[in-house]
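>>> Okay, predicted coordinates and the sequence, questions at the end:
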Amino acid sequence: MKPRRSRKKWIVLIVFVLVVVAAGVAYRSSKSSAATIGADSLAEVKKGNIARSVVATGIVEPISNRIEIRSKASGLVKQIHVDVGDRVVPGQVLVELDRDQLVAQLREAEANLQAAKADLASARAQLERNRILAEGYDVELARTNHERSVELHKQKLISQADFDTTRGKLEEALNRQRAAAASIGVSQATIEQKQAGVAQYQAIVERITEELSFTTIRSPISGIVLSREVEIGTAVSSILTMGAGASAVMTLGDMNDVYVKGEVSETDIGKVRLSLPARITVETYKDKVFHGTVYKIAPLGKEKDNVTSFEVRVSVDNPEGLLLANMSANAEIILEEHKGVLTVPEGAIVYNETKNTFVEVPDATNEKGRKRTPVKLGIATGTKAEVVSGLKEGDRVILQ
């Protein structure tokens, strides 16, 4: 009997050892599986902000008062008082054209005007003289003298020659009166002609004076010089004669309020609405975010390289003047944003055949060193997703 009992003890002992060894192997196996999950394959559940957005890529432009300055006068650029990037105010002199030719023309026109005024004064004096003669003051005197000579001639007190002299003077006075009366109409016509001449030369003087004022090109707005197309000596043409073909001098813009003119693809344009907020970034200020609002969505798309896109404009406040015209910019239009929520990388999300969502978390007790945990997700951005339930802050998830 003793040998049997001894054998049973050895069997129990061996079984116990085997169980312990198996447990140790299983434990080491699980630890080994967990250890195979590298730190670069793990991500921590964090609290933060997440937003669903659409990006409009484009350039910065002034939201209003972008003006292309063209000259009203033709001539050569003599002086340039501002350069690209300078700030200007209304009435500030930008460019001056050569004035010498116009100054000479003005002097000639003023001389002609003075001569025309002198001719007008002479014509008025002639009219006044004719009016006086037509009133016949000297006729009355000549008639009185002749009537006296008639009485004296009857009495034989004067000679025939003296009598004829007084009669001749009367006839001369009458002829002058008739001629003056007839000349009044001519004098009036001459005055009207001279007045027209004065008005013509006056208009010429005013036109040249105005053209001289056009040679000084001034800023119509407060803003910044966006571009300058002329140098000293450049010949410019007048917009009054050349219209749209006239030479551009420079471009001004009010950069206090700017907008990003961007393009949004047709797949995303349906999500964009007016007044949606946007975050704007530019390459120059990589760490700075500007804020804006969608204020215009083009109703007509443009096709390029078989891709249709729509123009979207996002207004941006620019009180510091940091944003400059034609800067490349990205406007992230915020469709939906949640703040202070749990987030995980989208690379950690697992979907089953019914599209339910899970994440895998490290689990040392599991044979594979991980276990699958169901989660409920909120909005996603393509890089991270909002976790509504299933995880807590600080949990670690396995990236797939």
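Looks like it came in fine.

>>> what about Pro345, distance to Ser41?
11 Å (Cβ to Cβ, to the nearest Å). Quick note: C-beta positions are derived from backbone N, CA and C, even for glycine.

>>> Likewise for Glu110?
91 Å.

>>> circling back: what's the overlap in contacts for Pro345 and Ser41?
Leu399 (Cβ atoms under 8 Å, 6 or more residues apart in numbering).

>>> which helix of this protein spans the most residues?
Taking DSSP state H as the criterion, the chain has its longest helix at helix 160-214.

>>> So which elements touch it?
Here helix 160-214 touches helix 100-135, helix 137-154, going by 3 or more Cβ pairs under 8 Å, 6 or more residues apart in numbering; DSSP states H and E.

>>> Select from the ones you listed the stretch with the lowest mean pLDDT.
The stretch with the lowest mean pLDDT among the helices and strands packed on helix 160-214 is helix 137-154, at a mean of 68.

>>> Glu346 contacts Ala385, doesn't it?
Yes - using Cβ atoms under 8 Å, Glu346 is in contact with Ala385, at 5.1 Å.

>>> higher neighbour count, those two?
More crowded of Glu346 and Ala385, by other Cβ atoms under 10 Å: Ala385, with 23 against 15.

>>> Surely that one is in contact with Gly347?
No - at 9.8 Å, Ala385 does not count as touching Gly347 under the criterion of Cβ under 8 Å.

>>> List the buried residues for stretch 91-101?
Neighbour counts using 16 or more other Cβ atoms under 10 Å place Leu94, Val95, Glu96, Leu97, Asp98, Arg99 of stretch 91-101 among the buried residues.

>>> Which residue ranges make up each domain of this protein?
Here the domain assignment for the chain is 39-61+255-398, 66-98+215-253, 101-213, based on automatic domain parsing.

>>> Just give me the lowest mean pLDDT stretch among those.
For these, mean pLDDT drops lowest on domain 101-213, to a mean of 77.

>>> Look up how far Ser222 lies from Val316.
Distance check for Val316 against Ser222: by Cβ to Cβ, it reads 18 Å.

>>> Neighbour count: the two, which is higher?
Higher neighbour count among Val316 and Ser222: Val316, with 21 against 14, using other Cβ under 10 Å.

>>> Just give me the residue closest to the centre of this structure.
Nearest to the geometric centre of the chain sits Arg66, at 2.5 Å (Cα atoms, centre = their mean).

>>> I'd say it and Met255 touch.
No - Arg66 is beyond contact range of Met255, at 9.5 Å (criterion: Cβ under 8 Å).

>>> Identify the contacts common to those two.
Shared contacts of Arg66 and Met255, defined by Cβ under 8 Å, 6+ apart, comprise Ala325.

>>> ranges for the helices of this protein?
Secondary structure of the chain (DSSP H): helices at 2-35, 100-135, 137-154, 160-214, 239-242, 266-269.

>>> buried sites along the second one?
By that I understand helix 100-135. By neighbour count on 16+ other Cβ under 10 Å, the buried set for helix 100-135 is 102, 105-106, 109-110, 112-113, 116-117, 119-120, 123-124, 126-127, 130, 133-134.

>>> elements contacting it?
Counting contacts by 3+ Cβ pairs under 8 Å, 6+ apart, helix 100-135 packs against helix 160-214.

>>> Quick one: work out the angle between the helix it packs on and helix 100-135.
150 degrees (axes from the mean of the first three to the mean of the last three Cα atoms, to 10 degrees).

>>> show me the contacts for Ile59.
By Cβ under 8 Å, 6+ apart, the contact set of Ile59 is Val260, Lys261, Ala325, Asn326, Met327, Ser328, Ala329.

>>> Stretch 281-290: end-to-end distance?
6 Å (Cα to Cα, to the nearest Å).

>>> again, but for stretch 353-364
For stretch 353-364, the first-to-last residue distance is 27 Å (Cα to Cα).

>>> got the contact list for that stretch?
Identification of contacts with stretch 353-364 by Cβ under 8 Å, 6+ apart yields 30-31, 34, 37, 42, 344, 348-352, 369-377, 390-391, 395-398, 400.

>>> mind running it again at 6 Å?
With Cβ atoms under 6 Å, 6 or more residues apart in numbering as the test, stretch 353-364 has contacts from 30, 34, 37, 348-350, 370-375, 377, 397-398.

>>> now, which of those lie within strands?
Among the contacts of stretch 353-364, DSSP state E puts Val350, Arg370, Lys371, Arg372, Thr373, Pro374, Leu377, Val397, Ile398 in strands.

>>> For Val77, state which of those is nearest.
Proximity of these to Val77 (Cβ to Cβ) peaks at Leu377, which lies at 64.7 Å.

>>> Now do the contacts for that closest one.
Taking Cβ under 6 Å, 6+ apart, we find Leu377 in contact with Thr357, Ala385.

>>> please renumber so the chain begins at 21
Taking 21 as the first residue, the last one we looked at is Leu397.

>>> That one and Phe378, how far apart?
Distance of Leu397 to Phe378, given as Cβ to Cβ: 10 Å.

>>> cool, and Asp277?
Taking Cβ to Cβ, one finds Asp277 at 49 Å from Phe378.

>>> neighbour count winner among the two?
Phe378 (17 against 14).

>>> what bridges to that one?
Partner residues in beta bridges with Phe378, using DSSP bridges, are Val370, Pro394.

>>> Distance of it relative to Asp60?
Using Cβ to Cβ, Phe378 is found at 21 Å from Asp60.

>>> Look up the residues forming beta bridges with Lys281.
Beta bridges link Lys281 to Ile79, Arg333 when assigned by DSSP bridges.
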